[in-house]
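J.: Structure for this input, please:
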Amino acid sequence: MSAGTVPRHLVHKLDPGEVFLMDWRRSAPDTFTISARWPGDQPFYLGADGSYEPLLVSETIRQLFPLLCHGGYDIPLDRHLVWESYRYALIPDVLHPGAGPDPVELELRVVCSELVRRKAHPTAMTMHVELLRDGMLHARSRSRFTIQAPAVYRRLRAGHGDSAQAMASAVPLQAPVPAAESGRHRPEDVLLSPLDDHEGPGGSWQLRVDTTHRKYFDHPVDHVPGMLLLEAARQATQAVLHPHPALPVAMETSFHRYVELDAPCRIDAQLIPSGLVRVTAHQNGELNFRADVLPGAVPLV
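T.: Next up is the predicted model:
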């Protein structure tokens with residue numbers, strides 16, 4: 001990426017090529033404007049037709065969380081950001097690559113609200129984001145997350161907080177479903193493995209977690225990353241609707257529990273009457289994650 005990107009530690013990345021955010025400024029106490037740039041040379045974020053993958057929108061938004069926490073609110077770098085909910089809606093045109101070889105330039109307008117403070121720093125906030133391309137609104141999102149000190153996080157994780165140990169004990173990698181069925185064109189990017197016990201409409205799979213995949217595991221972590229769960233929801237939606245294309249133009253998610261690396265996680269997807277696909281992740285008999293995915297046109301009003 002360009003030398004103009006923000007420092008990688010401010011977006012919780014080790015690989016500087018994974019930093020998509022550029023300059024940022026504060027326009028009001030809880031309002032910010034950030035510029036971003038999307039590369040045109042990363043196969044993981046490009047579909048078979050050359051368009052950007054929807055996950056790139058969410059990853060760009062995710063990078064705002066640590067950037068503004070650390071840079072905008074002086075939250076220490078050792079704090080853990082814990083997702084509670086996330087939703088977005090996008091116009092598919094935002095995924096079209098640029099006309100030439102230059103990266104796509106974006107602007108993100110952010111308003112932080114519902115801040116909970118303890119002593120000097122926020123411990124929770126809601127972040128509202130508008131993503132603009134060529135001056136036009138192309139995506140909106142809302143996310144709620146908490147900000148945990150190391151000691152609090154260790155208590156939350158109850159013995160699961162050692163990243164190196166968690167990754168070393170990860171469930172062995174299973175064979176993927178066909179890449180085209182998941183909406184991906186590279187087998188190494190598929191997050192679903194077949195299961196034989198599904199009954200009724202929809203589909204069921206085992207979550208396929210490759211801890212050597214550098215896009216999801218840029219650095220050691222002690223649980224399945226939230227971005228991986230978002231992509232699993234997208235892939236499960238596509239698998240249910242295959243062979244019809246199912247671009248996830250909107251998604252509303254809730255994070256109930258951490259998905260651990262050392263136990264199988266079951267992904268279920270079913271069509272619901274509203275036209276959404278409901279995707280759930282269960283582990284050890286408990287609901288960990290849910291996403292309602294809209295595979296069709298959506299207004300941004």
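
J.: so the residue nearest to residue 101 when sequence neighbours are not counted, which of the three states?
T.: Spatial nearest neighbour of residue 101, excluding adjacent residues (C-beta to C-beta, 6 or more residues apart in numbering): residue 40 at 6.5 Å. Backbone N, C-alpha and C define where each C-beta goes, glycine included. When classified by DSSP: H, G, I helix; E, B strand; the rest coil, residue 40 comes out as coil.

J.: and the end-to-end length of stretch 42-57?
T.: 14 Å (C-alpha to C-alpha, to the nearest Å).

J.: Show residues contacting it.
T.: 17, 20, 38-40, 88, 90, 94-97, 104, 131, 139, 185-186, 189, 215, 227, 230-231, 234, 247-249 (C-beta atoms under 8 Å, 6 or more residues apart in numbering).

J.: Now do the longest strand along the chain: which elements does it pack against?
T.: Assignment by DSSP state E gives strand 104-118 as the longest strand of the chain. Judged by 3 or more C-beta pairs under 8 Å, 6 or more residues apart in numbering; DSSP states H and E, the packing partners of strand 104-118 are strand 31-38, helix 55-67, strand 121-133.

J.: For PyMOL, write the select line for the buried members of the contacts of stretch 42-57.
T.: Selection of buried members from those for PyMOL, criterion 16 or more other C-beta atoms under 10 Å:
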select buried, resi 20+38+39+88+90+94+95+97+104+131+139+189+215+230+231+234+247+248+249
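
J.: Which of the contacts of stretch 42-57 fall within strands?
T.: Reading strands off these with DSSP E, I get 38, 88, 90, 104, 131, 139.

J.: how about a markdown table for these, with distance to residue 25 added?
T.: As requested, the ones in strands among the contacts of stretch 42-57 are exported to a markdown table (distance: C-beta to C-beta, whole Å):
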| residue | distance to residue 25 |
| --- | --- |
| 38 | 20 |
| 88 | 23 |
| 90 | 24 |
| 104 | 21 |
| 131 | 17 |
| 139 | 20 |
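
J.: any idea which of these is closest to residue 170?
T.: Proximity of those to residue 170 (C-beta to C-beta) peaks at residue 88, which lies at 28.3 Å.

J.: Can you read off the pLDDT for that closest one?
T.: If you check residue 88, the pLDDT there is 98.

J.: quick one: it and residue 141 touch, right?
T.: Yes. Using C-beta atoms under 8 Å, residue 88 is in contact with residue 141, at 4.0 Å.
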